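> Task: produce atomic coordinates for the following.
(one chain, ligands or ions: 2)
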Amino acid sequence: MSKSFGALRAIRDLSFSLGSGEILGIAGPNGSGKSTLFNILTRIPFGPDRGEMSLDGQSLDRSSPRQIVQAGLARTFQTETDFETLTVLENLLVSMPDGDFRDGRQAAETHAMELLASVDLQGQGDRIASEITVYDRKKLMIATALASRPKVLLLDEPAAGLSRPEVAEMIELIRRINAGGVSIVVIEHIISLLVSVSNRLLVLNFGEMLCEGTPQDVIRDRRVIEAYLGSAAAHV
Ligand SMILES: Nc1ncnc2c1ncn2[C@@H]1O[C@H](COP(=O)(O)OP(=O)(O)OP(=O)(O)O)[C@@H](O)[C@H]1O
Ligand SMILES: [Mg+2]
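Numbering: from 1, shown residues only. Ligands and ions are numbered 1, 2, ... in the order given. Predicted structure coming up:
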C-alpha cells in the first residue's frame with residue numbers, strides 16, 4: 001500500500017501479512033507512518049492512494065469503513081475517541097452492532113457489561129467517560145473495538161502515557177484478547193511491551209519497512225538501533 005500527503009510519502013509500497021492468531025508489533029520513529037498505516041487499512045478516515053488488502057481471502061479493496069469492520073477488522077486510536085459526555089456503558093452500547101439489540105435493551109446491556117468485564121472495567125459502567133482515568137479510557141476504547149467481534153484488532157499505542165504497573169496489565173490484556181482468538185497488530189513506542197507480546201516485529205522508517213523479524217533479532221539490528229532504538233531506549 002502507498003499513501004502520500006502532497007509531496008510527503010507517508011507509506012511507500014509497504015507490504016506485509018498477518019498470520020491467524022498472530023500478534024504483530026509495529027515500531028518506528030515519530031512520523032514514520034505507523035498511524036497512517038492503520039488509517040489506510042481501515043479507511044478511517046482515508047484509504048490508500050493505491051494498494052490491495054484482503055482478509056481471510058476476501059478482498060477489501062472496494063469496501064467501506066463499515067464493511068471493513070463487519071469483515072472483522074477493528075481499530076483503536078492513538079488518542080482517546082470515546083464520547084466524553086456519555087457513560088462508559090453508553091459508549092459501549094453505541095459501538096455495538098445492530099444485531100446485539102435484537103433481544104431488547106436489557107440483553108444488550110448485559111452483553112455490554114460482559115465486554116466491560118473483558119477489559120477489567122466491570123463496575124465502571126455508570127461513570128461518565130471524561131471522568132475515568134486515561135488507562136480506563138484506553139481499555140474502554142479497546143472494548144468498543146471488541147464490540148464488533150473482530151478477527152483482527154489494530155491497537156495504536158495502547159500503553160502510551162501509562163504507568164509501569166498499568167503497562168504490565170495492558171500486556172496481560174493484549175495476551176488475553178489474543179488467546180480469545182483475535183489476531184492483533186500493535187503499534188507502540190514502549191519496546192518492552194512489543195518484545196513481550198509480539199510474535200513478529202516490523203519497524204517502519206520514512207514509510208518503508210526498515211526491518212522485520214523476531215523481536216529479539218529486530219531489537220539487535222544495527223539499522224533499527226541507528227534509526228530508532230537509540231532515541232527510544234528511554235522508553236524501555
Ligand atoms: N492527515 C494528514 N495530512 C497531512 N500529513 C499527515 C496526515 N497524517 C499524517 N501525516 C504526516 O504523515 C507522516 C506520518 O504520520 P503518522 O501519524 O502516520 O506517524 P506515526 O508513525 O504514527 O508517528 P507517531 O509515532 O508520532 O504517532 C507524518 O509526517 C505526518 O505529519
Ligand atoms: Mg502514530
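> CA only for contacts and neighbour counts going forward, please
Will do.
> doesn't Thr110 make contact with Leu93?
No - the criterion here is C-alpha atoms under 8 Å, and Leu93 misses it with Thr110 at 10.2 Å.
> So for the two, which sits in the more crowded spot?
When Leu93 and Thr110 are compared for neighbours, Leu93 comes out ahead with 21 against 11, by other C-alpha atoms under 10 Å.
> what's the closest non-adjacent residue to the more buried one?
Distances taken as C-alpha to C-alpha, 6 or more residues apart in numbering place Ala112 nearest to Leu93, at 6.4 Å, with adjacent residues excluded.
> For Phe38, give me its contacts.
Contact analysis of Phe38 by C-alpha atoms under 8 Å, 6 or more residues apart in numbering lists Ile44, Arg75, Leu154, Asp156.
> Contacts only, for the first one.
Just to be clear, that refers to Ile44. So Ile44 contacts Phe38, Pro65 (C-alpha under 8 Å, 6+ apart).
> So which residues on this protein come close to ligand 1?
Phe5, Ala10, Pro29, Asn30, Gly31, Ser32, Gly33, Lys34, Ser35, Thr36 (C-alpha under 6 Å from any ligand atom).
> Sitting in helices, which of the residues you listed do you find?
Among the residues of the chain next to ligand 1, the residues falling in helices (DSSP state H) are Lys34, Ser35, Thr36.
> what about the second one, how many neighbours?
It refers to Ser35. 19.
> can I assume it is in contact with Asp156?
Yes - in this structure Ser35 lies within contact range of Asp156 using C-alpha under 8 Å: 6.8 Å.
> joint contacts of those two?
Taking C-alpha under 8 Å, 6+ apart as the criterion, Ser35 and Asp156 both touch Gln78, Ile187.
> Could you list the low-confidence segments of the protein?
The model of the chain has pLDDT under 70 over residues 231-236.
> how far does the helix ranked longest in it sit from the chain's center?
Criterion DSSP H: the longest helix present in the chain is helix 164-179. Computed by C-alpha atoms, centre = their mean, to the nearest Å, the separation of helix 164-179 from the middle of its chain amounts to 13 Å.
> List the buried residues of it.
Of the residues in helix 164-179, Val167, Met170, Ile171, Leu173, Ile174, Arg175, Ile177, Asn178 count as buried by neighbour count, 16 or more other C-alpha atoms under 10 Å.
> what residues are up against Arg221?
That one is not Arg; residue 221 is Asp. By C-alpha under 8 Å, 6+ apart, the residues touching Asp221 are Cys211.
> In three-state terms, how would the residue nearest the centre of the chain be classified?
Among the residues of the chain, the one closest to the centroid is Leu155, at 1.3 Å (C-alpha atoms, centre = their mean). Recorded secondary structure, Leu155: strand (DSSP: H, G, I helix; E, B strand; the rest coil).
> Fine by me, thanks again.
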